[in-house]
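Asks: predicted model and sequence below, questions to follow.
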Amino acid sequence: MLPDTELGWVNHLARLHDAEIPELRALDDEYELRAPKSYMHPEIYREIGDRLSQVVIAWPMLVADTVEERLEPEGFRLPNSADADDELWRVWQSNNADEESQLGRLDALVMKRSYITVGTNEDDGDTPLMAFESPLEMYADTDPRTRKVRAALRRYSDHTDSLVRLPEYYATLQLPNVTVWYDRGPEGWRETGRDVHNLGEVAVVPVVNRGRTAERCGRSEFAPILPLAHAANKIATDMMTASEFVALPLRGLFGIGPQDLEDADGNKMTALQAILGRLLTIPDDDGTARQFEFTPANLSNFHETINQLARLVASLGALPPHFLGFTTDNPASADAIRSSEARLVKRAERKQVAFGGAYEQAMRLVRRLQDGDWDPSYRRLETIWRDAATPTIAQKADAAQKLHAQGISTLRQTREDVGYTDGQIRRMEDEDEKTAREAAERDPIAQLARNQAGPPVEPVQA
């Protein structure tokens, strides 16, 4: 049963969000390398906990960052337009979306989704506000039939360094025709303001990663990686512990027990303390002390296990082997490197489709706030992405030039294929036009033709 009041929506969305926050925080901690680990035996940790930290290999961070680094929007345009939409790109840039959208994409890859909010700008009516929100602060309820957001709630706090003031908590409820602001007092949430915009649509767009038909809330890129990363962390921690015990030569004495040894303060040493001090004592009935030494252990078995786990991570994360440190004596050729990145490029292109759809919906809301009505032509809006592959400039230029020479592509398309931005292409076109005009002015034949033709005739108004 859906709520029938605004405050009911606040409480309903807050309950749903609270149920999911522990999972989201756990995923965020995995990316930030602060997730709690318990790989070391308690007895060992008690003895050497201050000297040896548990090892954490940042494979989840590598998987998320590698995909996000290949996702870079460069503009928006309609299919029947050769140029990017300057006005939408101006709004995008005015909201610092180049930087902020990167944060939103990373949150979506790590924590299943992020959100884009669009709202009116009191200081500049022609430049609506865009914000990229964390799923730790925002939750949206989606209609299972229309796939549209029915309501969204953002909760956040204003933490203070003062010892007197307590943190203040706020909430923003977004409904199809109204946005309501709250703060939390002693008696709960209380309304502090509202904006009746009558959009007919919630101005919140989810940016969903790995959505499924049965689970459209998304899935983290970490899902298949975390079990392998935890196993590698355990093996690496065991390797460091083994290096503390057996990687260096261990001296031993027959005929002396731990009770015969004292530390610098005169306290009896435990057996583990003696081992950590590179001394093994073995009591003997005859009481004669005899010295011996163990050969240090080879830790290559740990290395091979970690390498095998790395290969599995590379397979599941679509990572080229050299991203995980696998190299050969003979460096791989450029073609081999590009071939190894094929799955990663395809994965990035899939993300461009999903994330681009969210960006396009956000820009439709921008245009709606600018014009006051929905423009049907913007249903076909598309996002311009930078090429997710990594071909060399020479290869891109050679392929683009051949297509242009054979009449397959235009000069503008050739410049886009090489990788120039829309602004750079327009500057080139202006320079081309200026150069052609100057060349025509220097051409005596063209100058004579213009003189014989006389001045241009102005059209006669009816």
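Replies: Looks like it arrived, so ask away.

Asks: contacts and neighbour counts: CA atoms only from here.
Replies: Will do.

Asks: what about the stretch 301-450 of the chain, any weak spots by pLDDT?
Replies: Counting by pLDDT under 70, the stretch 301-450 of the chain has low-confidence residues at 327-334, 390-395, 444-450.

Asks: what are the boundaries of the helices in it?
Replies: Ranges of helices in the stretch 301-450 of the chain, per DSSP state H, counting those that start in this stretch, are 334-340, 342-371, 393-405, 411-418, 422-442, 444-453.

Asks: buried residues in the second one?
Replies: So the one you mean is helix 342-371. Of all the residues in helix 342-371, those buried under the rule 16 or more other C-alpha atoms under 10 Å are 343-345, 347-349, 351-352, 355-369.

Asks: how far out from the middle of the chain is that helix?
Replies: Going by C-alpha atoms, centre = their mean, to the nearest Å, the spacing between the C-alpha centre of helix 342-371 and its chain's C-alpha centre is 15 Å.

Asks: can you check the fourth one too?
Replies: Its chain's C-alpha centre lies 29 Å from the corresponding centre of helix 411-418 when counted by C-alpha atoms, centre = their mean.

Asks: ok, residues contacting it?
Replies: The contact list for helix 411-418, computed with C-alpha atoms under 8 Å, 6 or more residues apart in numbering, reads I393, K396, A397, A400, Q401, L403, H404, D422, I425.

Asks: quick one: that helix to helix 393-405, angle?
Replies: Per axes from the mean of the first three to the mean of the last three C-alpha atoms, to 10 degrees, the angle that helix 411-418 makes with helix 393-405 is 160 degrees.

Asks: shouldn't T117 be in contact with V204?
Replies: Yes - taking contact to mean C-alpha atoms under 8 Å, the distance of 4.5 Å between T117 and V204 places them in contact.

Asks: which stretch of helix or strand covers the residue nearest the centre of the chain?
Replies: When the chain is reduced to its mean C-alpha position, the closest residue under C-alpha atoms, centre = their mean turns out to be L106, at 1.8 Å. Applying DSSP states H and E as the criterion places L106 in helix 97-111.

Asks: got the buried residues for that helix?
Replies: Buried positions in helix 97-111, judged by neighbour count with 16+ other C-alpha under 10 Å: A97, S101, Q102, L103, G104, R105, L106, D107, A108, L109, V110, M111.

Asks: what sits against the fifth one?
Replies: Spelled out, it's G104. Contact partners of G104, counting by C-alpha under 8 Å, 6+ apart, are S114, Y115, F132, E133, S134, V207.

Asks: so which of those residues belong to strands?
Replies: The strands, defined by DSSP state E, take in S114, Y115, F132, E133, V207 from these.

Asks: show me what the fourth one is bridged to.
Replies: Beta-bridge pairing of E133, defined through DSSP bridges, involves Y115.

Asks: so it makes contact with V118?
Replies: No - under the criterion of C-alpha under 8 Å, E133 lies out of contact with V118, with a separation of 10.9 Å.

Asks: compare these two (neighbour count), which wins?
Replies: Between E133 and V118, E133 has the larger neighbour count (other C-alpha atoms under 10 Å), namely 24 against 20.

Asks: make sure D4 is indeed in a strand.
Replies: No - the assignment for D4 (DSSP: H, G, I helix; E, B strand; the rest coil) gives coil, which keeps it out of a strand.

Asks: what's the neighbour count on it?
Replies: Around D4 there are 8 other residues, counting by other C-alpha under 10 Å.

Asks: heads up, I number from 50, so please use that
Replies: Let's use 50 as the start, then, which means that last one is D53.

Asks: quick one, phi psi at it?
Replies: phi -120, psi 10 (degrees, to the nearest 10).

Asks: gap between it and P193?
Replies: Spatial separation of D53 from P193 under the definition C-alpha to C-alpha, to the nearest Å is 18 Å.

Asks: and for L101?
Replies: Using C-alpha to C-alpha, one obtains 51 Å as the distance from L101 to P193.

Asks: more crowded one of T166 and V253?
Replies: A direct count of neighbours by other C-alpha under 10 Å for T166 and V253 places V253 higher, at 31 against 18.

Asks: might you report the residue contacts of that one?
Replies: If you count contacts by C-alpha under 8 Å, 6+ apart, then V253 has Y164, I165, T166, V167, A189, V198, A201, Q223, A411 around it.

Asks: doesn't L178 make contact with the second one?
Replies: Same thing as I165. No - the pair I165 and L178 does not pass the contact test of C-alpha under 8 Å, sitting 10.2 Å apart.

Asks: show me where the stretch 150-299 of the chain has helices.
Replies: Using DSSP H, counting those that start in this stretch, the helices of the stretch 150-299 of the chain run over 275-294.

Asks: so where's it uncertain?
Replies: By pLDDT under 70, the weakly predicted segments of the stretch 150-299 of the chain are 208-216, 296-299.

Asks: go with 90
Replies: Flagging of the stretch 150-299 of the chain using pLDDT under 90 yields the residue ranges 169-174, 193-194, 206-217, 233-237, 244-247, 261-265, 286-299.

Asks: minimum distance to P122: which of the helices of the stretch 350-499 of the chain has it?
Replies: In terms of C-alpha to C-alpha, the element of those nearest to P122 is helix 391-420, at 8.2 Å.

Asks: how big is the angle separating that closest one from helix 146-160?
Replies: Using the same axes, to 10 degrees: helix 391-420 against helix 146-160 is 130 degrees.

Asks: packing partners of helix 391-420?
Replies: Under the contact criterion of 3 or more C-alpha pairs under 8 Å, 6 or more residues apart in numbering; DSSP states H and E, the helices and strands touching helix 391-420 comprise helix 108-117, helix 135-143, strand 162-168, strand 253-257, strand 431-434.

Asks: so which of the ones you listed is the most packed in?
Replies: Mean neighbour counts were compared across those using mean count of other C-alpha atoms under 10 Å; the top stretch is strand 253-257, at a mean of 27.

Asks: pairing partners for that strand, with directions?
Replies: Partner strands for strand 253-257, per DSSP bridges, with pairing direction: strand 162-168 (antiparallel).

Asks: what sits up against the partner strand?
Replies: For strand 162-168, the external contacting residues (C-alpha under 8 Å, 6+ apart) are 153-154, 156-157, 177-184, 187, 252-258, 266-268, 411, 414-415, 418.

Asks: gap between stretch 221-232 and the chain center?
Replies: Relative to its parent chain, stretch 221-232 has a centroid offset of 28 Å by C-alpha atoms, centre = their mean.
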